[in-house]
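**Student:** sequence-free structure coming up:
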């Protein structure tokens with residue numbers, strides 16, 4: 001295992017998903033919404049590890065495990081899993097921590113007892129050498 005202090009570093013963001021972002025029947029939000037959040041959390045991760053916003057080179061794997069809905073509060077985490085000379089491998093996880101309950105009332109919501117993992121991914125970011 002590397003002694004590099006960047007290895008294992010994690011950054012987490014939270015964001016409310018407005019109902020206006022639901023594009024599909026059943027109040028569903030497209031998967032690109034979570035991928036944009038992964039990009040944002042990866043940017044902060046690069047700033048913290050290398051003092052630069054870096055560039056996202058690509059995803060190795062993306063798995064949409066459960067739907068994201070308008071009214072959710074999403075929490076995304078990026079963690080450095082490998083440190084190369086200019087590249088960093090990163091794992092991502094998105095969880096719903098709160099969910100709207102519009103059947104109760106239009107503004108009703110609940111905190112989930114256990115976060116619901118909705119999307120996982122792995123990817124590579126590149127920073128200046």
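**Tutor:** Received it, and whenever you're ready, just let me know what you need. Because the structure is a prediction, the values reported are computed rather than measured.
**Student:** did I read that right, residue 89 in a strand?
**Tutor:** Yes: with the criterion set as DSSP: H, G, I helix; E, B strand; the rest coil, the secondary structure at residue 89 is a strand.
**Student:** quick one: secondary structure of the closest residue to it other than its chain neighbours?
**Tutor:** Across the structure, with CB to CB, 6 or more residues apart in numbering as the measure, the residue nearest residue 89 apart from its sequence neighbours is residue 82 (3.6 Å). In short, each C-beta sits where N, CA and C put it, glycine included. Secondary structure state of residue 82, per three-state DSSP, is strand.
**Student:** give me every residue that touches residue 82.
**Tutor:** Residue 82 makes contact with 7, 88-89 under the criterion CB atoms under 8 Å, 6 or more residues apart in numbering.
**Student:** downstream of the helix or strand bottoming out on mean pLDDT in the chain, the next helix or strand is which one?
**Tutor:** The least trusted helix or strand in the chain, going by mean pLDDT, DSSP states H and E, turns out to be strand 22-24, with a mean of 92. Using DSSP states H and E, the helix or strand that follows strand 22-24 in sequence is strand 28-29.
**Student:** brilliant, that's me finished.
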